[in-house]
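Colleague: Only the shape, not the letters, is given here:
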């Protein structure tokens, strides 16, 4: 049986290691009171997936600023996708940022996948 402190430490280590890897590969955007972690979707030419957005001071425009930096960081991207829990306030935020509902998975905690086209050149890669 795992001790809760060890599991928590393992999770912290995983998050730290993944964050370091994201930063080393220039996939981590940090601003005051927020960060955005993204990845390029394998097998696609220009799709970016938002892995996580963390904002410590909501309603200050920090998330919108992070998206703007993302668009600058990956200028060849034609679409951005993100998954959020259906009951999360983030689902409304993505909608307000111009993302549209792509799919929903009733399992796995009710996840919604959002997509935002960035250009008219979007392809189905």
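Modeller: Structure's in. What do you need? Every value quoted in this text rests on a predicted model; they were computed, and no experiment measured them.
Colleague: The residue nearest the centre of the chain: helix or strand, and which one exactly?
Modeller: In the chain, the centroid-proximal residue (C-alpha atoms, centre = their mean) is residue 50; its distance is 2.2 Å. Residue 50 is part of strand 47-55, with elements assigned from DSSP states H and E.
Colleague: mind listing the strands for the chain?
Modeller: Listed in chain order, the strands of the chain (DSSP state E) span 28-31, 34-40, 47-55, 79-85, 100-105, 111-117.
Colleague: Kindly reformat these as a markdown table containing distance to residue 64 and mean pLDDT.
Modeller: For every residue, glycine as well, the C-beta is placed using N, CA and C. Output for the strands of the chain, formatted as a markdown table (distance: least, C-beta to C-beta, whole Å; pLDDT from 0 to 100):
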| stretch | distance to residue 64 | mean pLDDT |
| --- | --- | --- |
| strand 28-31 | 11 | 86 |
| strand 34-40 | 10 | 89 |
| strand 47-55 | 10 | 90 |
| strand 79-85 | 13 | 92 |
| strand 100-105 | 17 | 88 |
| strand 111-117 | 13 | 92 |
